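Okay, structure incoming, though there's no sequence with it:
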């Protein structure tokens, strides 16, 4: 399957990414090696890769939004977030407030503190507001996402990260909290520490 008018082989590239995921090997960024320069075709590749994951027995348990901060959007030269799927095979359940994530599964992992939303009602339409999202939210949980890239040395453009399922690596979640969903999430703070030293901090507004 080739992208319209581009000559890009969506099927071949989706299979390439799936092999990189399975074999834990990197590949050159598609924007360089294949001339990928279309977000529409990048999402076609992601969608086809998702179909390959489902055929392997994986399951979509949710969706992720990437490039949500203005700083990251400016760095990637875009004006809106991208999105991907959360696959069950890389969900690491927490017990008693702790989760263990085996680093050997990943290629070049990084972690991000996140807020996860459990939706209690469907949303549709082009003009969804933040208030609409909160009204449909059943609960919120603190989450840690592992982002990872199948592309060598994280040398990516927006088209690469979209095709690469928005650089999804893995996920762990804290308990779902209905009260947290009714908190002003802009003010919720998070600290990430390593060896007792704070290495990153931010609030929800970021």
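That came through, no problem. Everything numeric in this text was worked out from a predicted model, so none of it was measured.

Give me the nearest residue to residue 148, chain neighbours excluded.
Nearest non-adjacent residue to residue 148, counting by CB to CB, 6 or more residues apart in numbering: residue 169, 3.1 Å away. C-beta coordinates here come from the backbone N, C-alpha and C atoms, glycine included.

And the one you found, how far from residue 156?
14 Å (CB to CB, to the nearest Å).

can you tell me the average pLDDT over whichever strand or helix holds residue 84?
Here residue 84 sits within strand 82-87, counting by DSSP states H and E. Averaged over strand 82-87, pLDDT sits at 96.

What strands flank that strand, and is each parallel or antiparallel?
Sheet pairing for strand 82-87, assigned by DSSP bridges, gives strand 60-66 (antiparallel).

and after the partner strand, which helix or strand comes next?
Next element after strand 60-66 (DSSP H and E): helix 70-76.

Could you name the helices and strands sitting against the helix or strand bottoming out on mean pLDDT in the chain?
Across the helices and strands of the chain, mean confidence by mean pLDDT, DSSP states H and E is lowest for helix 70-76: a mean of 78. Helix 70-76 sits against no helix or strand, with contacts defined as 3 or more CB pairs under 8 Å, 6 or more residues apart in numbering; DSSP states H and E.

And the helix or strand where residue 22 lies, what's buried?
Residue 22 belongs to helix 10-23 when assigned by DSSP H and E. Residues 10, 13-14, 16-18, 20-21 are the ones in helix 10-23 that count as buried (16 or more other CB atoms under 10 Å).

quick one: which of the residues you listed is nearest residue 87?
residue 21 (9.3 Å; CB to CB).

Thought residue 151 was touching the closest one, still the case?
No - counting by CB atoms under 8 Å, residue 21 sits too far from residue 151 to count as a contact (11.9 Å).

In contact with residue 143: list those residues for me.
For residue 143, the contacting residues are 113-116, 171-174, by CB atoms under 8 Å, 6 or more residues apart in numbering.

Where does pLDDT dip in the protein?
Within the chain, the ranges that satisfy pLDDT under 70 run 1-6.

Now do the helices in it.
Secondary structure of the chain, counting by DSSP state H: helices at 10-23, 30-33, 39-55, 70-76, 130-136, 158-163, 178-181.
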